[in-house]
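Trainee: here is a sequence with its predicted model. Questions after.
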Amino acid sequence: MKKMVTILMIINIMLVIGLCGCSSNEKKAEGTTEIQYADDDFIKALRKGLEARWSIEEPEEYDYGSEEHKKYYTSIVDAEIEAIESFSNKKFKDSKLQEKALKYINMIKQQKEALDYLGVDSEKYEKLWGEAYDERTKLIVEFYQNYGLIVSDKYEDTIKQMTTNAQIVEKNEETEKQVQDIMANIKFEKNKEKSDGYSSYYAAIVENTTDVTFEYFGIDINLFDKEDVILESTQDSVENWKPGTKARFEFFTSEKFNKYAVEQAEWSISEE
């Protein structure tokens, strides 16, 4: 009898241990939550937003800055915002994709902001809208080429147009970097032979170290006193400036300045 009781007790203990183990495993399973990454969902939502945007027909005619103009552009921007805005707060497995997604969403929001200036401040509107468009085209092409974005066949031409624009933007950005290198190397020196008792002549010989021909290349020069106050502003420019060739920039001044600064360059590229 005692043996029987002992056996029953052992069985009961084993059952309790087993139940505890099962309960523990169940709790562990219940407590385990797999991270849901947004990478694939974003690309799908991006396609949805783009095609929704592109499917909205533009009015055949409208006046720049009119209510009809603003209504149409608002509708195409809202179509994208609705599709992808929620991904601002979602987690991505690919951190680079997440960075690009957030940047893209911000560009859509910038276009929304630009519409506040439509018909009010055309310069501000064009700047905000144009910058956002250029960044959007670059990102769309990258999503298309590297992250599996697909579009319906009827929008393939739209992708091609964006690819062309993205290439132009990237080329201009590269040229702008090269221009800044040129600017950093502009050093003006006084030429005593061309100076007189009234004004002084300064010149800088500069090489076009880019790979493009500048149809126009102009610079602004500010002259400062000892207190960094601008005494005088002047400009100079050259035309048809080919790669590897040198140009002379010059200015005359009667001011006794402490230092000068080449503040900015305006340029356009020859199409030849």
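Mentor: Happy to help now that I have it. Residues are numbered from 1 along each chain as shown.

Trainee: same for the helix or strand residue 206 falls within, what does it pack against?
Mentor: Counting by DSSP states H and E, the element that carries residue 206 is strand 200-207. When contacts are defined as 3 or more CB pairs under 8 Å, 6 or more residues apart in numbering; DSSP states H and E, strand 200-207 sits against strand 189-191, strand 246-253. (Glycine included, C-beta is placed from N, CA and C.)

Trainee: contact partners of the very next helix or strand once past the longest one?
Mentor: From strand 246-253 onward toward the C-terminus, using DSSP H and E, the following helix or strand is strand 259-269. Contacts to strand 259-269, defined as CB atoms under 8 Å, 6 or more residues apart in numbering, come from residues 175, 179, 182-183, 186, 188, 202, 212-224.

Trainee: show me the helices in the stretch 51-200 of the chain, by range?
Mentor: Remark: helices assigned in the stretch 51-200 of the chain by DSSP state H, counting those that start in this stretch are 67-84, 95-114, 122-146, 156-184.

Trainee: what angle sits between the last one and strand 259-269?
Mentor: Between helix 156-184 and strand 259-269, the angle comes out at 150 degrees (axes from the mean of the first three to the mean of the last three CA atoms, to 10 degrees).

Trainee: so how far is helix 156-184 from its chain's centroid?
Mentor: A distance of 12 Å separates the C-alpha centroid of helix 156-184 from that of its chain, computed with CA atoms, centre = their mean, to the nearest Å.

Trainee: how about stretch 50-57?
Mentor: 22 Å.

Trainee: which residues sit against it?
Mentor: Residues from elsewhere that reach stretch 50-57, judged by CB under 8 Å, 6+ apart: 72, 75-77, 79-80, 82-83, 140, 151-152, 155, 158.

Trainee: quick one: buried ones out of those?
Mentor: Buried subset of these (neighbour count, 16 or more other CB atoms under 10 Å): 72, 76-77, 79-80, 83, 140, 151, 155, 158.

Trainee: what's the farthest-apart pair in those residues?
Mentor: Put simply, by CB to CB the two of these set farthest apart are 72 and 151, 21.1 Å from each other.

Trainee: for the helix or strand hosting residue 41, buried residues please.
Mentor: The secondary structure element spanning residue 41 is helix 39-55 (assigned by DSSP H and E). Of the residues in helix 39-55, those buried under the neighbour-count criterion (16+ other CB under 10 Å) are 39, 42-43, 45-47, 49-54.

Trainee: same question for stretch 180-197.
Mentor: Applying a neighbour-count criterion of 16+ other CB under 10 Å, the buried positions in stretch 180-197 are 182, 188.

Trainee: again with stretch 207-221
Mentor: Using 16+ other CB under 10 Å as the test for burial, stretch 207-221 gives 208, 210, 212-214, 217-219, 221.
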